[in-house]
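Chemist: Coordinates for the following, if possible.
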Amino acid sequence: MGSNPAAPTIARPAGVQAAGEGVERSRATALWLCGVAFVVLAMIVVGGATRLTGSGLSITQWKPVTGAIPPLTHRAWFAAFRLYQATPQYRLLNSGMTLSQFEFIFWWEWTHRLLGRVLGAVFLVPFLVLLALRRLPPRLVWRCVALFALGGAQGAIGWWMVQSGLEDRTSVAPERLATHLGLALLLFVALIWTGLEAWSGPRRAGDERAAMGWRAASLGFAAGVFIQCLAGALVAGNQAGLVDADWPLMAGRIVPADYWRGSVWTTLAHWPIAVQLHHRLVAYALLAWGLAMAVAAWRSGALDGASRRLAMVVAVLLLAQVSLGIATLVGGVPLSLAMLHQATAALLLAAAAAFAWSARRGNAVI
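Modeler: From the prediction side, this is the model:
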């Protein structure tokens, strides 16, 4: 018998591996992680609205499973309202609140907690599917497990924060609020960073064209933005945005006369005047640093086009964030501007992290 002609070779789409072939990059994984990051961003924004509306203490119990079901009857609503009436916030600030007013703050907090539950499902189900289909890069499996654990820990940290406002305070402790937001932002950035790793694949020989100085500068700037976000949480926790709406000075001075409050911890974490001043000063430093870095990046021959474009995105978001901060302050912290200010802070941090990733890699993001 004559030999059969060779079977035609069927080309596989980019990013699809044959059975048994190692997966180094997976755009499905990258898109999934970016989708999870979007849910985290929504949680951050809704969490900010929850604080601004004074809603964070409206649900006084932590029920990870059954708490997903809101009150469904008039009697159930009154039972939830009675629990809230036992808190210092109700007795000292909201005495006389009606049931309909309670329902308004309840729904903000319930939505925030619901997003946390949705986040767990949005992460876990696709993770198991991608793992079963072998579409998840093996080098990222344990990193994804760590991300899931960090997301789960956020629920416990959130309840730890709420507890601080149910006993002797009318609001949550500012340092616990900063911890809760800080971990959420770390999760947000880690999801984006891991998504970029999944999209681009492991570093290859010749990828590291960026100078060590660029890596240090970009990572340092991203760390500075993160610290500023924590300072913003202290501003929110102390309602420091309401103590002085003057700009660029505070009560006619660069450093307010009553800046010091007797101890380092009280001044740094619990004194609204000092907290607002620190937030302003870090913003000025980041503005100068970020704009100078963007100009240098655009002129640099050590960075590729993707990195230079990301540096420009960072500069634009930085200018927008500073402008929003000033408008929020002088406008008396309106809800819409304050929520936009917090969302833009998260986007700035994401862009700074993406620039740091790209500068470290020295190759294009896509």
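Chemist: tell me the mean pLDDT for the strand or helix carrying residue 338?
Modeler: If you go by DSSP states H and E, residue 338 is part of helix 335-361. Average pLDDT, helix 335-361: 94.
Chemist: Likewise for stretch 164-171?
Modeler: Mean predicted confidence for stretch 164-171 is 90.
Chemist: Ok, stretch 121-132 next?
Modeler: Stretch 121-132 comes out at a mean pLDDT of 96.
Chemist: swap in stretch 286-304?
Modeler: Stretch 286-304 comes out at a mean pLDDT of 91.
Chemist: now stretch 190-200
Modeler: 95.
Chemist: Check stretch 49-64 too.
Modeler: pLDDT averaged over stretch 49-64 gives 92.
Chemist: what separates that stretch from the chain centre, distance-wise?
Modeler: 18 Å (Cα atoms, centre = their mean, to the nearest Å).
Chemist: Could you list the buried residues of that stretch?
Modeler: 49, 50, 51, 52, 54, 55, 56, 57, 58, 59, 60 (16 or more other Cβ atoms under 10 Å). Every C-beta, even on glycine, is put in place using the N, C-alpha and C of the backbone.
Chemist: Tabulate those in a markdown table, adding columns for distance to residue 302 and secondary structure.
Modeler: Converted to a markdown table, the buried residues of stretch 49-64 look like this (distance: Cβ to Cβ, whole Å; DSSP: H, G, I helix; E, B strand; the rest coil):
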| residue | distance to residue 302 | secondary structure |
| --- | --- | --- |
| 49 | 42 | helix |
| 50 | 44 | helix |
| 51 | 42 | helix |
| 52 | 43 | helix |
| 54 | 49 | coil |
| 55 | 48 | coil |
| 56 | 46 | coil |
| 57 | 51 | coil |
| 58 | 52 | coil |
| 59 | 51 | coil |
| 60 | 55 | coil |
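Chemist: would JSON lines of these with distance to residue 143 be doable?
Modeler: Formatted as JSON lines, the buried residues of stretch 49-64 follow (distance: Cβ to Cβ, whole Å):
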{"residue": "49", "distance to residue 143": "31"}
{"residue": "50", "distance to residue 143": "30"}
{"residue": "51", "distance to residue 143": "31"}
{"residue": "52", "distance to residue 143": "34"}
{"residue": "54", "distance to residue 143": "37"}
{"residue": "55", "distance to residue 143": "34"}
{"residue": "56", "distance to residue 143": "31"}
{"residue": "57", "distance to residue 143": "35"}
{"residue": "58", "distance to residue 143": "36"}
{"residue": "59", "distance to residue 143": "32"}
{"residue": "60", "distance to residue 143": "36"}
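Chemist: Can you tell me how far the closest residue in space to residue 269 that isn't next to it in sequence is from residue 231?
Modeler: Distance criterion Cβ to Cβ, 6 or more residues apart in numbering; nearest residue to residue 269, sequence neighbours excluded, is residue 175 at 5.3 Å. Per Cβ to Cβ, to the nearest Å, residue 175 is found 12 Å from residue 231.
Chemist: same thing with residue 121?
Modeler: 33 Å.
Chemist: With residue 44 instead?
Modeler: From residue 44 to residue 231 the distance is 16 Å (Cβ to Cβ).
Chemist: what's the answer for residue 268, then?
Modeler: 10 Å.
Chemist: Which neighbours do these two have in common?
Modeler: 275, 278 (Cβ atoms under 8 Å, 6 or more residues apart in numbering).
Chemist: Okay, and the nearest residue to residue 356 once chain neighbours are set aside sits in which element?
Modeler: Once flanking residues are discounted, residue 356 sits nearest to residue 218: 3.9 Å by Cβ to Cβ, 6+ apart. Assigned by DSSP H and E, residue 218 belongs to helix 212-237.
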